[in-house]
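1. have a look at this prediction, sequence included:
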Amino acid sequence: MFRSRDVAIVFDFDGTIAETERLGHRVAYNEAFAELGLQWRWDDALYARLLQTGGGKERLMSYFAEAAPERALDAAFAARVHRVKQKHFRRVAYALPIRPGIVRLVTEARDAGAALAIATTASLDSVRAVIDGSPPLAEAFDVIASGDDVAAKKPAPDVYRVALARLGRTPESCVAIEDSALGLRSARAAGLLTIVTPSAYTIGENFAGAAAVVDSLGEPDAPVATLAGPPPALGYVDLAYLTARLNAAPHEA
């Protein structure tokens with residue numbers, strides 16, 4: 001039986017810790033396109049589809065294949081666009097809202113001695129640009145495994161395996177918090193029990209295999225809506241709920 005202090009929580013970043021995709025990355029890509037004199041514009045529908053490709057530079061390459069075939073294999077150009085995009089993202093990152101329950105759960109876990117990590121295919125620069133703007137998060141994580149650390153992006157399990165190795169943990173003692181089917185597949189492939197909190201772009205995705213799906217982590221005065229799996233006893237996801245899911249895992253479908 002796991003005790004709360006024995007549990008490690010591994011958070012995805014984009015869409016899970018903050019609504020970075022819709023309010024940050026998509027806007028920054030469009031600003032980068034304008035700065036570089038490109039006639040592209042990613043609206044919500046297009047960007048939602050492009051999110052099925054993990055990793056920013058990889059997402060650009062996927063878009064080039066359909067919109068600019070002459071650039072389809074131009075990794076150097078994708079890297080250049082991504083650098084400009086990152087500049088624009090850093091300008092707005094500090095103001096992106098942290099999702100409900102994140103600061104509360106991170107603070108509770110830290111106070112209890114539980115380990116905390118981030119496993120994301122975003123760049124470390126993007127992660128720091130957001131969490132450094134939130135003092136409770138800035139120094140909270142023991143490990144940040146980012147897209148800079150792996151060649152194969154989600155849904156490959158590589159970034160979770162990097163996080164586990166750096167934590168010195170086995171998958172059985174860890175819970176992943178994800179927002180997308182892509183991330184769920186990545187975490188499950190690495191052997192982690194996974195709680196999903198869908199974000200603006202992922203709400204309609206198939207989350208089969210998740211231990212639970214809730215609309216957010218919730219707050220004491222703002223209970224969650226449970227979409228699948230056991231509802232949190234207190235109305236919000238806390239360390240006790242995550243520990244209970246880990247302890248019940250061998251008996252849950």
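-> Arrived safely, thanks for sending.

2. tell me the buried residues in stretch 154-173?
-> Of the residues in stretch 154-173, those buried by neighbour count under the rule 16 or more other CB atoms under 10 Å are 154-164, 167, 169, 171, 173. C-betas here are computed from N, CA, C, even on glycine.

3. how distant is it from the center of its chain?
-> Relative to its chain's centre, stretch 154-173 lies at 14 Å (CA atoms, centre = their mean, to the nearest Å).

4. for it, give the mean pLDDT please.
-> Averaging pLDDT along stretch 154-173 yields 97.

5. put the alpha carbons of the host helix or strand of Arg91 into PDB.
-> Using DSSP states H and E, Arg91 sits in helix 75-93. The C-alpha atoms that make up helix 75-93 are tabulated as PDB, following Å, rounded to 0.1, in the frame of the first residue of the first chain:
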ATOM      1  CA  ALA A  75      14.000  21.200 -40.500                       C
ATOM      2  CA  ALA A  76      16.200  24.300 -40.400                       C
ATOM      3  CA  PHE A  77      13.300  26.600 -41.400                       C
ATOM      4  CA  ALA A  78      11.000  24.900 -38.900                       C
ATOM      5  CA  ALA A  79      13.600  25.600 -36.200                       C
ATOM      6  CA  ARG A  80      13.900  29.200 -37.300                       C
ATOM      7  CA  VAL A  81      10.100  29.700 -37.200                       C
ATOM      8  CA  HIS A  82      10.000  28.000 -33.800                       C
ATOM      9  CA  ARG A  83      12.700  30.300 -32.300                       C
ATOM     10  CA  VAL A  84      10.700  33.400 -33.400                       C
ATOM     11  CA  LYS A  85       7.500  31.800 -32.000                       C
ATOM     12  CA  GLN A  86       9.300  31.200 -28.700                       C
ATOM     13  CA  LYS A  87      10.200  34.900 -28.500                       C
ATOM     14  CA  HIS A  88       6.500  35.800 -28.800                       C
ATOM     15  CA  PHE A  89       5.400  33.100 -26.400                       C
ATOM     16  CA  ARG A  90       7.800  34.300 -23.600                       C
ATOM     17  CA  ARG A  91       6.200  37.800 -23.900                       C
ATOM     18  CA  VAL A  92       2.800  36.500 -22.800                       C
ATOM     19  CA  ALA A  93       3.700  33.300 -20.800                       C
END
